[in-house]
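Trainee: Provide a 3D model corresponding to the input given below.
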Amino acid sequence: MSTNATAKKNTSFRLNNNLSPDVIKVFPLSNYALAVEFEDGLHGIIEMKKCITSCNPGVFAKLQDINLFNSVEVYSGVISWLDKNRIETIGHSKFPHIYADLASDTIYNEIKDNGVWEVN
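Mentor: Residues are numbered from 1 along each chain as shown. Below is the predicted model:
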């Protein structure tokens, strides 16, 4: 079950404040993996199975629920899992609560060098 999540630019608030290009697409794959594409055309795979199924998954524990994992989307240039039922206020702006997200600069560098990033 693949979904297409395309980034929506939000100039009032940016999660990706790094020099790496924004993520523009993410697709859930089998076995807790993601296909990702950046705005400069770089694309690759993120393998998260070891991290999510480890005995200490930390903030990624909720992603063991495959339905939640498959709800991945791009939010402000960053791969994110959102709780749209829980809204947070920052200043005068409202944003969905983020269950988890992945740092775009790390993903970009790993995929640029290796084609794959295995999250441990």
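
Trainee: the protein: strands as residue ranges?
Mentor: Ranges of strands in the chain, per DSSP state E, are 5-6, 23-29, 33-38, 43-47, 73-75, 78-90, 93-102, 116-118.

Trainee: among those strands, which is the most enclosed?
Mentor: strand 73-75 (a mean of 22; mean count of other CB atoms under 10 Å). C-beta: built from backbone N, CA, C; applies to glycine.

Trainee: that one pairs with which strands?
Mentor: Partners of strand 73-75 in the sheet, by DSSP bridges, are strand 78-90 (antiparallel).

Trainee: ok and the strand it pairs with relative to strand 33-38, angle-wise?
Mentor: Relative orientation of strand 78-90 and strand 33-38, computed by axes from the mean of the first three to the mean of the last three CA atoms, to 10 degrees: 80 degrees.

Trainee: what sits up against strand 78-90?
Mentor: 13, 15-16, 22-23, 26, 34, 36, 46, 62-63, 68-69, 71-75, 94-104, 107 (CB atoms under 8 Å, 6 or more residues apart in numbering).

Trainee: again, only this time at 7 Å
Mentor: Residues outside strand 78-90 that contact it (CB atoms under 7 Å, 6 or more residues apart in numbering) are 13, 15-16, 23, 26, 34, 36, 63, 68, 71-73, 75, 94-102, 104.

Trainee: any idea how far residue 63 is from the residue sitting nearest the centre point of the chain?
Mentor: Among the residues of the chain, the one closest to the centroid is residue 79, at 1.9 Å (CA atoms, centre = their mean). Going from residue 79 to residue 63 by CB to CB, to the nearest Å gives 11 Å.
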